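Trainee: need coordinates for the below:
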Amino acid sequence: MDYPLLNAFWTMCLIFLWVMWLILLFRIIGDIFRSRDINNWAKTGWLVLVILLPFLGVFIYVIARGHGMSEREFAQAERQQKQLQTYLRDTVATGDETARHADSLAKLAELKNHGDITDEEFQKAKAKVLA
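Mentor: Below you'll find the predicted structure:
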């Protein structure tokens, strides 16, 4: 008898395992390039091993350098988080400064429109705010 549902399930399992294998392979290749504690010849050796004998090369790499993979991944995530925080801090600070300038100019324009300051005083105050 033919079991089409079982065949579909088996095919999905094989596709899932194949995709997981490719993800693991590319993560290891990325870790080889990202690693700063080995020299370029060692990186070349690992790449040759992983590309020519993928199963054996990946298993040996995970056994030999698996612990360092997580540390390098964590360090990379921390660096990216710090860069994002620095970028956001600089951007928000610039936005706050711009908002303060806009508020000051709006107040000056309101004072000028009410006749509380002259046009010359408005221009001097505006130059101070924008400086």
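Trainee: ok now do the closest residue to Asp31 other than its chain neighbours, which residues does it touch?
Mentor: What sits nearest to Asp31 in space, not counting adjacent residues and going by CB to CB, 6 or more residues apart in numbering, is Met69, at 5.0 Å. Heads up, the C-betas are built off the backbone N, CA and C, glycines and all. Taking CB atoms under 8 Å, 6 or more residues apart in numbering, we find Met69 in contact with 27-28, 31, 62.
Trainee: low-confidence regions, this protein specifically.
Mentor: For the chain, the stretches with pLDDT under 70 are 1-2, 93-97.
Trainee: center of it - which residue?
Mentor: Centroid check for the chain by CA atoms, centre = their mean gives Gln80 as the closest residue, at 5.2 Å.
Trainee: what's downstream of the host helix or strand of Arg89, the next helix or strand?
Mentor: Using DSSP states H and E, Arg89 sits in helix 54-113. Using DSSP H and E, the helix or strand that follows helix 54-113 towards the C-terminus is helix 119-130.
Trainee: can you count the residues close to Ile32?
Mentor: Using other CB atoms under 10 Å, the number of residues around Ile32 comes to 20.
Trainee: with Ile29 instead?
Mentor: Ile29 has 16 nearby residues by other CB under 10 Å.
Trainee: before we move on, what about Tyr61?
Mentor: For Tyr61, the count of nearby residues is 20 (other CB under 10 Å).
Trainee: quick one: stretch 10-20 to chain centroid distance?
Mentor: 29 Å (CA atoms, centre = their mean, to the nearest Å).
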